[in-house]
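> Quick one, what's the 3D model for this:
(one chain, ligands or ions: 1)
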Amino acid sequence: MLDSVRMRLTLWYTAAVAVVLILLAALTYFLYARNIAQRTDSNLVELTDAFTTTFNAELPGEIGPDAPQKAAREAMLEHRFRGLVFVFLDAEGQPLLSSLDLPAGVLSNEHLTPELFASPGFRAVSSLAGSPRPFRTIHDGRNGFRAYARPLSAAGRTFILVVLQSRHPQQELLQDIRSAFLWIIPIALLLAGLGGYFLARKSLSPVAAMASTARTIGAANLHDRLGVSNPRDELGQLAISFNELLDRLEASFERQRRFIADASHELRTPAAILRGETEVTLSRPDRSPAEYREALTILRDESQRLAHIIEDLFTLTRADAGQYPINSRDFYLDELASDVLRHARSLAHVKNITLTPSIEPELLFHGDEALLRRLLLNLLDNAIKYTPAGGQVTIECKKNLAQYVVSVTDTGPGISPELQPRIFERFFRADKVRARSETDSGGAGLGLSIARWIAEAHHGRLELLRSDTSGSTFSVTLPAPQL
Ligand code: ADP
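Purely as a prediction, here's the structure:
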C-alpha cells in the first residue's frame, strides 16, 4: 500500500495537517486556560475590595471585642455569590467565621466543607496574606478552589480574610473545550485525509494514463504520443519531454530503417550483376577465353564495388556508434595532399584532366592520417569523376590564421542549387545514372557522408563552398595546432 505515491502523499499530507491542528489546539487551550485563571484572580481581588469596603463601613465608632466579627458577618451577607466562600480568621490563622456558617442555602456550595479550613493548602494561603502574590490553588480531589488572602485590621487587631472560589465552572469549560478538540481534530483529519487522497488521485491520474500509454508504445506504433492534459503543469511538462524523446527515437528509428533499406538496395544491384553475369557466362559451355576474361573482369569490378560499399557501411556504422578508432599522430598535411594527388594522377590521366596543386609547405597537423587521406581521396575522386574529359581539378592547401584550409575545385557541371543541401546525406546521388555509367565503380552516395564525418571527428568541417555550371569547390577546414 505504501508503494503507491498517492497513498504516501495522503499520509504525509494528513500527518502535516495533524501536527498543525494539534499544535493549534494546544496553543488555543493553553491561552484560554491562562486567560480564565487570570480572570478568576482579578475577580477574587475585586470581591475582596468590595468586602473590605462593606466590612469597614459596618464597623461601629465604639468598637467592642466582637465588632469585627459582626462586621464580617454583615459583609458576608451582603456579598453572597454561588461557589464563593469568605473565611474570616484571626491573626494566627484560626477561622473565626465563614460564609458556610451563615443561614443554610445562602452560600450553598456542594463541595466545600469546613474541614477544608484545616487542610495544609488552606493554611498555606492564609499565611500568604500581605505577600505580593497571595494566591493559591487548593486541591480537594475534585476541581479544587482558587484562594486569595488579605490582612484586615479592626479595633487595633489584625485579621485575615480568605476568599475561596470554586474552580468547578472553569474546569467544566476547559473540559468542554478538550472534548470538543477530541472529536473535532479526528473529524478534521479524516476529512483532510479523504480530501488529500482524492486530490492526489486526481493529480496523479495523468501519470497512470501516461504509464499505460507508454506501455503500449513499441516499434510498431512509435508514432503514438502521450496525451498532454495541461502543458503548463509538471505532469504536462513530463508528458511533453516524453513525447519529445519519442520524436527523437522515432526520427532515429526512421533514419536507421532508411539506412538499412538504402544499404540493402545498394548491395542488391552489384549482387544481381554478379549473379546475372555468372549465369549468362555459364549458360553456354563453349565460350572463348576472351569471353571468360571479359566476364571475369566484370565480376572483379562488381565485387570490388561491393567490397567498397560494405567497407563504407562498416565505417559509418562504427562512426555512428562512436567506435571508430582514431589513431592520431603528427604528420604534414602538405605531404599528405601531395601524396594523394600523386595517386589521383592516373585517374585524371585517363580522363585527360589537368591536376593543379597549390600547396603551402610545413603544414604540421595532428590527426588520423589514414582517415584524412580517405577524405582527400574522396574529394579528388569526386572532382575527377564528375568533371568531363579535358577539364581541370585544383587542390589548394594553405594555412589561414589558426586553421588549415584544403579546397578541391573542379570545372565540372556543378550541382543544382536545390540538390546542394542534400549531397552530404547518406546514399544521396544527384545523378544516379551518370554516377554509375561514367566510372567503372560508381559510388553508393556514401563518400561525402564519410568525408564530412572525418572532418568533424578532427574538430573541423567540410562544406560545399561553391557550385555552379563552371564547377564546384569543396573545402575542408581543420584546426591548426597551437605552436
Ligand atoms: P558518390 O559515391 O555518388 O560519389 P558522394 O557522397 O561522394 O557519393 O557524393 C554524393 C553526390 O554528390 C554525388 O552522387 C554527386 O551527385 C554529387 N557530387 C559530389 N561531388 C561532386 C562534384 N565534384 N561535382 C559534381 N557533383 C558532385
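> which element follows the strand or helix carrying V207 toward the C-terminus?
Under the criterion DSSP states H and E, the helix or strand holding V207 is helix 168-216. Read in the C-terminal direction, the helix or strand following helix 168-216 is helix 234-283, with elements assigned using DSSP H and E.
> That following helix: how far from the chain's middle?
In terms of C-alpha atoms, centre = their mean, to the nearest Å, the centre of helix 234-283 is set 36 Å apart from its chain centre.
> Which strands or helices does it pack on?
Packing partners of helix 234-283 (3 or more C-beta pairs under 8 Å, 6 or more residues apart in numbering; DSSP states H and E): helix 168-216, helix 289-320. For the C-beta atoms, the positions are set from N, CA and C on the backbone; glycine is no exception.
> Can you tell me the SS state at the residue in the chain that the ligand sits nearest to?
Among residues of the chain, the one nearest the ligand by C-beta to the nearest ligand atom turns out to be G443. It sits 1.7 Å away. At G443, secondary structure determined by DSSP: H, G, I helix; E, B strand; the rest coil is coil.
> you'd agree it is up against R429?
Yes: G443 is in contact with R429 according to C-beta atoms under 8 Å; the separation is 7.3 Å.
> just to revisit the earlier point, quick check: the residue of the chain closest to the ligand vs R6, distance?
Remark: distance between G443 and R6 (C-beta to C-beta, to the nearest Å) = 60 Å.
> give me the element N35 is part of.
Element membership of N35, judged by DSSP H and E, is helix 5-58.
> what element comes up after that helix heading to the C-terminus?
For helix 5-58, the succeeding helix or strand toward the C-terminus, using DSSP H and E, is helix 67-78.
> any idea of the mean pLDDT in the very next helix or strand once past that following helix?
Under the assignment DSSP H and E, the closest C-terminal helix or strand after helix 67-78 is strand 84-90. Per-residue pLDDT values across strand 84-90 average out to 92.
> Contacts for the helix or strand that strand 84-90 is followed by, please.
Under the assignment DSSP H and E, the closest C-terminal helix or strand after strand 84-90 is strand 95-98. Under the contact criterion C-beta atoms under 8 Å, 6 or more residues apart in numbering, strand 95-98 has outside partners 69, 72-73, 76, 85-90, 114, 117, 159.
> Neighbour count and distance to R268 added to those residues, as TSV?
As requested, those are arranged in TSV below (neighbours: other C-beta atoms under 10 Å; distance: C-beta to C-beta, whole Å):
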residue	neighbour count	distance to R268
Q69	16	132
A72	27	127
R73	20	129
M76	26	124
V85	22	117
F86	25	120
V87	26	120
F88	24	125
L89	24	124
D90	14	129
P114	12	122
F117	20	120
F159	22	127
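> Quick check: residues of the protein near the ligand?
Proximity of the chain to the ligand, by C-beta under 6 Å from any ligand atom, involves residues 378, 382-383, 386, 410, 412, 415, 423, 428-431, 435, 443-449, 472.
> Show me how to select, in ChimeraX, the buried members of the residues you listed.
Under the burial definition 16 or more other C-beta atoms under 10 Å, those of the residues of the chain next to the ligand that qualify are selected in ChimeraX by:
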select :378,382,383,386,410,412,415,423,428,429,430,435,443,444,445,446,447,448,449,472
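> so what's G471 up against?
G471 makes contact with 387, 391, 409-412, 414 under the criterion C-beta under 8 Å, 6+ apart.
> Give me the helices and strands touching the one helix or strand I454 maps to, please.
In this structure, I454 sits in helix 447-457 according to DSSP H and E. In terms of contacts (3+ C-beta pairs under 8 Å, 6+ apart), helix 447-457 is packed against helix 289-320, helix 369-386, strand 461-468, strand 471-479.
> how does it look with 7 Å?
helix 289-320, helix 369-386, strand 461-468 (3 or more C-beta pairs under 7 Å, 6 or more residues apart in numbering; DSSP states H and E).
> Make JSON lines out of these and add mean pLDDT and distance to V17.
Listed next are the helices and strands packed on helix 447-457 as JSON lines, based on pLDDT from 0 to 100; distance: least, C-beta to C-beta, whole Å:
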{"stretch": "helix 289-320", "mean pLDDT": "91", "distance to V17": "55"}
{"stretch": "helix 369-386", "mean pLDDT": "95", "distance to V17": "67"}
{"stretch": "strand 461-468", "mean pLDDT": "96", "distance to V17": "62"}
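> looking at those, which is buried most?
helix 369-386 (a mean of 22; mean count of other C-beta atoms under 10 Å).
> Quickly note the distance from E302 to P270.
When distance is defined by C-beta to C-beta, E302 is 5 Å away from P270.
> whoops, I mixed them up, G236
From G236 across to P270, the span is 52 Å (C-beta to C-beta).
> Out of these two, name the residue with the larger neighbour count.
More crowded of G236 and P270, by other C-beta atoms under 10 Å: P270, with 21 against 16.
> contacting residues for that one?
When contacts are counted by C-beta atoms under 7 Å, 6 or more residues apart in numbering, P270 touches 302, 305-306.
> In terms of pLDDT, where does it sit?
Reading off the confidence values, P270 has pLDDT 86.
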